[in-house]
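J.: return a 3D structure for these sequence lines:
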Amino acid sequence: MSDLNTNAFWMPFTPNRTFKSSPRLVERAEGIYLYEKSGRQIIDATAGLWCSNAGHCRSEIAEAIHQQAKTLDYSSIFNFGHELGFEYAERLVQYTPEGLNHVFFGNSGSEAVESALKIALQYQRARGKGTRTMFIGREKGYHGVNFGGISVGGIAPNYQSFGQPVKANHLRHTLDIERNAFSKGLPEFGVELAEDLERLVAFHGADQIAAVIVEPFSGAGGVILPPKGYLKRLREICDQHDLLLIFDEVISGWGRMGSPFASEEFGVTPDMITSAKGITNATVPLGAVFVHDKIYNAVMDAAPDGMVEFFHGYTYSAHPVACAAGMATLDIYEREGLLTRASGDIGKYWEESLHSLADLEQVIDIRNYGLVGAIELRAPDSLKGKFGGKASALAWDAGVMARGIGDALCMSPPLIIETHEIDRLMETLREVISGL
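T.: So this is what the prediction gives:
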């Protein structure tokens, strides 16, 4: 780092002064591994940032990007188009739940959420319910960092730093370690927490609420899984009060939970799904909103002929290079069966291996589903709420990238991980946690 000028780069979500005094730099990546300049190998137990689902540096995706950049590197998507965008959208909706047959493209999960919130408002106006301008999110939920996303999100520092520009209220979170510690799969207790939505509807009035937005499981909140029946009950309450239900599947989509989308895994169909990250295996930024027919048709039918139906979009929506990367990513997912792999033997092996750490006195909870998991640590009073960060730093030193969130170590390994790699990961974590 001594030969680098570090002043120019203002790093996101990073204590810059601390990092630059003791940097962690990645030189290259391959498969489930990262490599430092020295050649030291690190297990990427977070798939980058919940996103490199097919593993790093897949040659098929790199070649697709290369060929597309040589053929059509960019074309405006405002009043123009390219065939690849339409082909890609048609291919994507083969994986979405029934009725979600339309795709609005952006460039990230944050933009996908922003787009979904605007689509919800546009839909309500199109059907003559323009008073419905409020959103219901959930505590500990993460929906990106645009103003809409931080308003509906429930991550306290994001909200406290910038306020709440978009009208929103929040359901209580579903983390209940006292009743659900060491759950394997969905926790047994907590379905009644969905009734909190009834309380908020009664307080604000259904005629003020445009949509409810939740992650099927809270990722950046600390891998918080929904109690059994919770998501279905949210769907029922939304239907009862004529509210849209949006699932933020930026993390849970594309095989993480054992199905293409968590909505299918849990048998609950929302009105919109936001997606990003694994959609292109994180090689080129791309986000998408999958929209139900009823919403799309209402917005289209409400606009006069020849007029723009939805005044929203991005310069790089459906960027041809991103679409090419996405198409190649789908090829890999299909060919290698990655979208359902987590529901099979490797998911069960991951679960049993993760829970093998339950005997450590420093561990107070382990939670998992598919190929995602979290280890909740017993934090000393002086580090409560920050102990995961300390454990994450020690894990890096030992050769594992795991994300520290609150007092938890959170993981979402590439879907290509094998049993021997899980063994090595757990052996390393056992040593790290034992030494805390």
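J.: quick one, what contacts Thr419?
T.: 346, 349 (CB atoms under 8 Å, 6 or more residues apart in numbering). The way it works is simple: take the backbone N, C-alpha and C, and place the C-beta from them, glycine included.
J.: and the pLDDT at it?
T.: Among the per-residue scores, Thr419 shows a pLDDT of 98.
J.: same question, Met1
T.: 47.
J.: same question for Gln160.
T.: 87.
J.: that one: neighbouring residues, count only.
T.: Neighbourhood size, Gln160 [other CB atoms under 10 Å]: 10.
J.: measure it to Ala288 for me?
T.: Noted for Gln160: a distance of 30 Å to Ala288, by CB to CB, to the nearest Å.
J.: what does Glu192 give?
T.: Separation of Glu192 from Ala288 (CB to CB) stands at 33 Å.
J.: quick one, domains of this protein?
T.: Using automatic domain parsing, the domains assigned to the chain come out as 16-57+340-434, 63-336.
J.: make TSV from these and add distance to Trp10 to it.
T.: As requested, the domains of the chain are arranged in TSV below (distance: least, CB to CB, whole Å):
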stretch	distance to Trp10
domain 16-57+340-434	7
domain 63-336	14
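J.: can you tell me which of these is nearest to Ala8?
T.: Distance to Ala8, taken as CB to CB, is lowest for domain 16-57+340-434 among these, at 11.3 Å.
J.: and the closest one, how far from the chain's centre?
T.: 17 Å (CA atoms, centre = their mean, to the nearest Å).
J.: end-to-end on that domain?
T.: Taking CA to CA, to the nearest Å, the first and last residues of domain 16-57+340-434 lie 29 Å apart.
J.: poorly predicted segments of the chain, please.
T.: Applying pLDDT under 70 to the chain flags residues 1-2.
J.: just give me the residue right at the centre of the chain.
T.: Ile251 (2.1 Å; CA atoms, centre = their mean).
J.: ok, it touching Gly219?
T.: Yes. Applying CB atoms under 8 Å as the test, Ile251 and Gly219 come out as touching, 3.9 Å apart.
J.: anything in contact with each of the two?
T.: Common contact partners of Ile251 and Gly219 (CB under 8 Å, 6+ apart): 50, 412.
J.: all helices of the stretch 1-150 of the chain, in order?
T.: Secondary structure of the stretch 1-150 of the chain by DSSP state H, counting those that start in this stretch: the helices cover 16-21, 47-50, 59-71, 83-92, 109-126, 147-152.
J.: among these, which comes closest to Gly385?
T.: Minimum separation from Gly385 across those (CB to CB) falls at helix 16-21, 17.2 Å.
J.: what is that closest one packed up against?
T.: With contacts defined as 3 or more CB pairs under 8 Å, 6 or more residues apart in numbering; DSSP states H and E, helix 16-21 has no helix or strand neighbours.
J.: need the three-state assignment for Val201.
T.: With DSSP: H, G, I helix; E, B strand; the rest coil as the basis, Val201 sits in helix.
J.: OK, contacts around it?
T.: By CB under 8 Å, 6+ apart, the residues touching Val201 are 209, 237, 241, 243.
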